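# here is my input, please return the structure:
(2 chains)
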Amino acid sequence: MYIVVTGALSGIGKETVTHLAENNWNVIACVERDCSDFKKFSNNLSKKTSQKIEVINFDLGDEESIINAAKKIKSLKVDLKGLVNIAGITKDSSVLMTSSQDLKHVNDINFFGPVVFTQYFIKLTQRSDIAKSVVFISSISALDGIEGMLSYGTSKNAIVNAARVFSRELGDKNYRFNVIAPGVIDTKMNEKVPSDILEKRIASTSLRRIGSPKEVSKVIEFLISDYSSFITGQTIRVDGGIG
Amino acid sequence: MKEKIREIFSEVLEVEVAVIVDNLEYSAIPQWDSVAHMAIVAAIEDEFDIMIETNDIIDMSSFEISVDIIKKYL
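I've put the predicted structure just below:
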């Protein structure tokens, strides 16, 4: 069976592709652009794990691109178990310095795109008897309201509600929908955060350290798998006990 | 093609073909609810090997309109 993973190029997405393949899942890895390094990575991972890794390129901000991706997935004629919506962007700025264009763009990629792609995933899988699971990656900024993160936080908060609504409407159709809200995770997304702010956030965690993409990917796999078969509509914080 | 689509509607909704009149509207019969609507779309997509866009699925508000929309994809 296959799991579709968006945002597979780096960070949590790439680690999730690796972790799933290492745990006997085939993967459809979605990245925005054709990238020879990523193709090399996926071929090597496939050889190492004996799992199939298909790579698909599409742009979450372009509905036609999403539709074409869904068509490509349909043409593979494989059993789909789950979808992990990881791809996202951030544009941090104070509330008064956040343009409407940035608000819209971030919400297009982080909310509208994943919701539309999930709709197509459901269309592709509704006739299958497999128990399907969809995981959305949100953020603690969706729940806590973090300074400088208006666009990102609101888009990720919208995802929390969307997952809940999907779970209520499709729970009896063999679908589960859950959300992971990562805290401070060691990815490129933190590159633009000033080091003193980053250190302060890490120091405020109970575990007093930054999280790894691997740690998030393990929770993703749990939510995708039938080990979490009675969990749906939930948002799980993976944040080291940030407070 | 139209009669094939009518057969699909009849099969998915589990009603006689005669019930699927041209001006039959979505929700006009209890069998044609949102869940059945998606099942109809899935059956049509499989039959004709097409993928209908979400906005068009939403616009498929009657049998006749559905046929017109499906024609665009063939």
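# which residue sits closest to B:I8, ignoring its sequence neighbours?
B:A43 (4.9 Å; Cβ to Cβ, 6 or more residues apart in numbering or on different chains). No exception for glycine: its C-beta is placed from N, CA and C like everyone else's.
# the one you found falls within a strand, correct?
No. Using DSSP: H, G, I helix; E, B strand; the rest coil, the secondary structure at B:A43 is helix, not a strand.
# does the strand ranked longest in chain A reach chain B?
Identified as the longest strand of chain A according to DSSP state E is strand A:175-182. No. Contact of strand A:175-182 with chain B (Cβ under 8 Å from any Cβ of the partner chain) is absent, the minimum separation being 11.9 Å.
# and that strand, how far out from the chain middle?
9 Å (Cα atoms, centre = their mean, to the nearest Å).
# now the element after that strand, going C-ward?
Following strand A:175-182 in sequence order, the next helix or strand is helix A:195-203 (DSSP states H and E).
# hmm, who's touching the following helix or strand past that next one?
Next helix or strand after helix A:195-203 toward the C-terminus (DSSP H and E): helix A:213-224. Residues external to helix A:213-224 that are found in contact with it (Cβ atoms under 8 Å, 6 or more residues apart in numbering or on different chains): A:3, A:11-12, A:14-16, A:18-20, A:23, A:25, A:81-82, A:84, A:133, A:135, A:137, A:176, A:178, A:180, A:182, A:185-187, A:228, A:231, A:236, A:238.
# mind redoing it with 7 Å?
A:3, A:11-12, A:15-16, A:19-20, A:23, A:81-82, A:84, A:133, A:135, A:178, A:180, A:182, A:185-187, A:228, A:231, A:236, A:238 (Cβ atoms under 7 Å, 6 or more residues apart in numbering or on different chains).
# what does stretch B:17-34 give?
Applying Cβ under 7 Å, 6+ apart, the set of residues contacting stretch B:17-34 is B:6-7, B:9-10, B:13-15, B:37, B:61-64.
# show the contacting residues for B:D68.
Here B:D68 is in contact with no residue (Cβ under 7 Å, 6+ apart).
# tell me if I am right that it is in a strand.
No. Using three-state DSSP, the assignment for B:D68 is helix, not a strand.
# phi first, then psi, for the closest residue in space to A:F121 that isn't next to it in sequence.
In space, and not counting its chain neighbours, A:F121 is closest to A:L83: 4.6 Å by Cβ to Cβ, 6+ apart. Note on A:L83: backbone dihedrals following degrees, to the nearest 10 are phi -130, psi 130.
# could I get the average pLDDT for the one helix or strand A:N107 maps to?
Per DSSP H and E, A:N107 falls inside helix A:100-107. Averaged across helix A:100-107, the pLDDT comes to 95.
# measure how far that helix is from the centre of its chain, please.
Taking Cα atoms, centre = their mean, the mean C-alpha location of helix A:100-107 is offset from the chain mean by 19 Å.
# returning to that earlier point: select from the contacts of stretch B:17-34 the one having the most neighbours.
Highest neighbour count within those, by other Cβ atoms under 10 Å in any protein chain shown: B:F9, with 23 neighbours.
# just say helix, strand or coil for that one.
B:F9 is classified as helix under three-state DSSP.
# my guess is it contacts B:E64. True?
No. Here B:F9 lies out of contact with B:E64, judged by Cβ atoms under 7 Å, at a distance of 11.3 Å.
# ok, the residue nearest to the spatial centre of chain A to chain B distance?
Centroid check for chain A by Cα atoms, centre = their mean gives A:I86 as the closest residue, at 1.8 Å. According to Cβ to the nearest Cβ, to the nearest Å, A:I86 and chain B sit 22 Å apart.
# in this structure B:V67 contacts B:K2, no?
Yes. With contact defined as Cβ under 7 Å, B:V67 and B:K2 form a contacting pair (5.3 Å).
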